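Visitor: Mind looking at a prediction? Sequence and model below.
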Amino acid sequence: MTSSTFPDTRSTREPAKPSLRRVTFIAAAAAIGGFLFGYDSAVINGAVTGIQQHFAISSSETGTIVSSALLGSAVGAAAAGGLADRIGRLRVMHIAAALFAISALGSSMPFSAWDLAAWRALGGVAIGLASLIGPTYIAEVAPAHYRGRLASFQQAAIVLGITASQLVNWVIAQRAGGESQNSLGPLEAWQWMLMAAVVPAVLYSLLASRIPESPYFLITTRQLPRAQAALRDIEGPGVDTEARVAEIQLALHRTDKPRIGDLFGGRFGLLPIVWTGIGLAVFQQLVGINVIFYYSSILWQSVGIEQSSSLLISLSTSVINIVGTVVAMLFIDRIGRKPLALMGSAGMAVSLALAAWAFSYKTGSGDSLFIPDTQGTVALIAAHTFVFFFAVSWGVVLWVMIGEMFPPRIRAAAMSVATAFNWIANWAVTETFPRLSEWNLSATYVVYAAFAVLSFGFIGMFVRETNGKELGDTS
């Protein structure tokens, strides 16, 4: 999708307040896709124990089921740009909403574990579509004066979606006696957890029906009357639609479509700046952050904490994630991207090392797992501080930096490559964690801590500050 790389062509005049209220609603409606992104990604956390017991599956099979959504996400993200340019941004939103709903219903009533994996993969396609279409659409409709804060809706919606999924999981489990494998009416609790995503999916579809199509898409497809109507809806009735259409047409004419071939030409194949973007994307996942969001329920059960308490801990870490994200949004322009990332890497390394030390005291097996009170307290504090340091740094910094660090000529293509590597690294960690933790949970966290240390060195050696610089100027 090339529209996200268009230069800013909007008028510098202050928009009317009614227009601001309207465009805020439009951006919030589009960001519901981000909410579903976070919700559908993390809802599996509370359902894992119930799924394992219902289908009597191994740790390896559990990892495959949980990570299947990530493979679908890679497919959806790869298809989103071309699909949006052919059929429009709103239709892609409706497709994503439909896939979210179908996946939620199918995965809540599977016939087998592999049937469940297929439904989760379908939901992953919806995640991939939503991960690209929301930010692109918001960037195209947001007035220049408010683009930064409106664009932040997507990230805020993602962390709210993660938190909402953990809250819903905990409430459902409480209604079922504290365990996801218990029956709650005609279904088991874990099935209701997965089915609950239907509600925000329907809301997403309804809200997408109440917002205008992107003027950029309408002008690209020569639907000028509709484009003018969309501009009046977005920017207010006083907007000079003919002048705005002309500005957008000029921007479209000047914007070259990115090509993957433009990324090559460096000493090791790709350009150095592209390797840097890939490194950022991969390190963000290799510290093991999504272990917390996908597996924290079984993680805490593996050290002797009962399931209902483990779900409450998952909820509390999600709240910490929101707090850290808000702090990052407040300080990223004041402190800078690189210092924030360095601080985050250091904090994550220490937190993960403490968690590894605490988990080394785990004793027992089967239903007799135990961790001493002191080490259990350290593990809980370490998990929460790890999430905070991630959220306040790498959770936001990665997406800001890869949007700023690449030259305009290669930005869209380079961002696509970096995002693809982020999904691949996410899949690798998600797929391997159940087996690694079964082998040695403490050693697994030592590995994540080592990657946090390496990420500190990577930032210090290869990443240049982008704060306050023109796009693509990282000299």
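Guide: Nice, thanks for sending it over. Source: prediction; values computed, not measured. Numbering: from 1, shown residues only.
Visitor: ok, now which ones touch residue 166?
Guide: For residue 166, the contacting residues are 42, 45, 46, 311, 314, 315, 317, 318, by CB atoms under 8 Å, 6 or more residues apart in numbering. In short, each C-beta sits where N, CA and C put it, glycine included.
Visitor: wait, the second one sits on residue 301?
Guide: No. The criterion here is CB atoms under 8 Å, and residue 45 misses it with residue 301 at 11.5 Å.
Visitor: Now tell me which helix or strand of this protein has the poorest mean pLDDT.
Guide: The weakest-scoring helix or strand in the chain, judged by mean pLDDT, DSSP states H and E, is strand 264-266 (a mean of 68).
Visitor: Next, residue 188: phi, psi?
Guide: When read as degrees, to the nearest 10, the backbone of residue 188 gives phi -80, psi 160.
Visitor: Kindly apply the preceding question to residue 88 instead.
Guide: With angles defined as degrees, to the nearest 10, residue 88 sits at phi 100, psi 160.
Visitor: same question, residue 221
Guide: According to degrees, to the nearest 10, residue 221 has phi -90, psi 10.
Visitor: Name the nearest residue to it, sequence neighbours excluded.
Guide: In this structure, residue 221 finds its nearest non-sequential neighbour in residue 88, 7.8 Å apart by CB to CB, 6 or more residues apart in numbering.
Visitor: One more: residue 305?
Guide: Closest to residue 305 by CB to CB, 6+ apart is residue 313, at 7.2 Å.
Visitor: can you count the residues close to the one you found?
Guide: Residue 313 has 20 neighbouring residues, counting by other CB atoms under 10 Å.
Visitor: before we move on, what about the one 5 residues further on?
Guide: Residue crowding around residue 318 was assessed by other CB under 10 Å; the count is 25.
Visitor: How about residue 242?
Guide: Using other CB under 10 Å, residue 242 has 11 other residues around it.
Visitor: Repeat that for residue 250.
Guide: Residue 250: 12 surrounding residues under other CB under 10 Å.
Visitor: What of the one 3 residues further on?
Guide: Here the count is done by other CB under 10 Å, and residue 253 has 7 residues near it.
Visitor: Which strand or helix spans it?
Guide: In the assignment (DSSP states H and E), residue 253 maps to helix 241-254.
Visitor: Report the separation between residue 300 and residue 359.
Guide: Distance, residue 300 to residue 359, using CB to CB, to the nearest Å: 11 Å.
Visitor: Distance check, the residue nearest to residue 221 against residue 252.
Guide: 15 Å.
Visitor: who's more crowded, those two?
Guide: Ranked by neighbour count (other CB under 10 Å), residue 88 and residue 252 place residue 88 first, with 20 against 15.
Visitor: Buried residues, the helix holding residue 253. List them.
Guide: Of the residues in helix 241-254, 241, 244, 245, 247, 248, 249, 251 count as buried by neighbour count, 16 or more other CB atoms under 10 Å.
Visitor: For the closest residue to the second one other than its chain neighbours, give its distance to residue 219.
Guide: By that I understand residue 244. With sequence-adjacent residues excluded and distances taken as CB to CB, 6+ apart, residue 244 is closest to residue 231, at 5.3 Å. As judged by CB to CB, residue 231 and residue 219 stand 10 Å apart.
Visitor: just residue 230 next, same as before
Guide: 9 Å.
Visitor: if I read this right, the residue nearest to residue 221 contacts residue 212, doesn't it?
Guide: No. When contacts are counted by CB under 8 Å, residue 88 is not listed as touching residue 212 (10.7 Å).
Visitor: List the contacts of stretch 56-66.
Guide: 44, 48, 51-52, 55, 113, 116-117, 120, 294-295, 298, 430-435, 437-438.
Visitor: Distance from it to the middle of the chain?
Guide: Taking CA atoms, centre = their mean, to the nearest Å, one finds stretch 56-66 lying 23 Å from the centre of the chain it belongs to.
Visitor: In that stretch, which of the residues would be classed as buried?
Guide: By neighbour count with 16+ other CB under 10 Å, stretch 56-66 contains the buried residues 57, 59, 61, 62, 63, 64, 65, 66.
Visitor: Same check on stretch 316-327?
Guide: So for stretch 316-327, counting by 16+ other CB under 10 Å, buried means 316, 317, 318, 319, 320, 321, 324, 325, 326, 327.
Visitor: quick one: the residue lying closest to residue 296 once chain neighbours are set aside from residue 294, how far?
Guide: Leaving aside its sequence neighbours, residue 296 sits nearest to residue 314 (CB to CB, 6+ apart; 4.6 Å). Plainly put, residue 314 is 10 Å away from residue 294 if you go by CB to CB.
Visitor: Ok, residue 465 next?
Guide: Distance, residue 465 to residue 294, using CB to CB: 32 Å.
Visitor: Between those two, which is the more surrounded one?
Guide: Using other CB under 10 Å as the criterion, residue 465 and residue 294 rank with residue 294 on top: 27 against 15.
Visitor: now, which of the contacts of residue 166 lie within helices?
Guide: Of the contacts of residue 166, the ones assigned to helices by DSSP state H are 42, 45, 46, 311, 314, 315, 317, 318.
Visitor: and residue 328, what element?
Guide: Short version: residue 328 belongs to helix 307-335, going by DSSP H and E.
Visitor: relative to helix 307-335, how tilted is the helix or strand just after that helix?
Guide: Later in the chain than helix 307-335, the nearest helix or strand by DSSP H and E is helix 337-359. If you take axes from the mean of the first three to the mean of the last three CA atoms, to 10 degrees, helix 337-359 sits at 160 degrees to helix 307-335.
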